[in-house]
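> Next come a sequence and a model predicted from it.
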Amino acid sequence: MASLPSISDVPSLSTTQRAGILDALFEPCTALHTLSLDPLRTEKFPSYNDLIASVGAQLTELSESPSISDTRWLDKILGAHPRLGEKKVDSAQSQAEQAQLNTGGNEEAEKLQKLNEEYERTFPGLKYVVFVNGRSRPVIMHNMQQRIDRGNIRLERAEGIQAMCDIAADRAIKLHQA
């Protein structure tokens, strides 16, 4: 998606077009489509930030639910983000956001790969999600290690939701300017 349509047009768009908005702001994810496509058709949002906040509220509701199926659904959505430093990344937005993390030496790249693996062992079904926002690979890796050491899945899901919304808000600005 080269640019976002006017927020006022969102409810009248086709299902495919609304899914494209979710894919551009978040990541391509069937579970997110199932959760959020209908509100994009039935609600009017004053801004893309309001749309993102609505999706964030849906994700938070899943995280606070006692239902195991809700937790699994949320984990599918959080797990749709690519690994940090991954060479093959499907979404153009993630490719651009991660470009700075794919520079530097092989030693750092290997350490990042090992951290991703450790993170995914610590939090099965999740991928580390963070709003990179210009931070260096060492700073990001330090944050990842702290989150692994903390070992709190509930806090991890909450941080993942917040990061997804921060990333989406940044993408909305960039895609609106496109």
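Everything's here; your move.
> so where's the protein uncertain?
1, 86-105, 178 (pLDDT under 70).
> at 90 instead, please
1-3, 81-113, 125, 132-138, 176-178 (pLDDT under 90).
> Name all residues that make contact with Ala80.
Neighbouring residues of Ala80 by CB atoms under 8 Å, 6 or more residues apart in numbering: 26-29, 31-32. Backbone N, C-alpha and C define where each C-beta goes, glycine included.
> ok, now Ala19?
Counting by CB under 8 Å, 6+ apart, the residues that Ala19 touches are 33, 37.
> same thing but 10 Å
13, 28-30, 32-33, 36-37, 40 (CB atoms under 10 Å, 6 or more residues apart in numbering).
> are any of the contacts of Ala80 buried, and which?
Taking 16 or more other CB atoms under 10 Å as the criterion, what is buried in the contacts of Ala80 is 26-27, 29, 31-32.
> I'd like to know which of the contacts of Ala80 is nearest to Arg171.
The shortest gap between Arg171 and any of the contacts of Ala80 belongs to Phe26, at 8.4 Å (CB to CB).
> pretty sure the closest one is in contact with Leu32, am I right?
Yes. At 5.8 Å, Phe26 and Leu32 qualify as touching, with contact defined as CB atoms under 10 Å.
> Next, show the common contact partners of those two.
Counting by CB under 10 Å, 6+ apart, the common neighbours of Phe26 and Leu32 are 55, 59, 77, 80, 164.
> Can I get those residues in JSON lines including distance to Leu4?
Listed next are these as JSON lines, based on distance: CB to CB, whole Å:
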{"residue": "Val55", "distance to Leu4": "14"}
{"residue": "Leu59", "distance to Leu4": "20"}
{"residue": "Ile77", "distance to Leu4": "20"}
{"residue": "Ala80", "distance to Leu4": "19"}
{"residue": "Met164", "distance to Leu4": "17"}
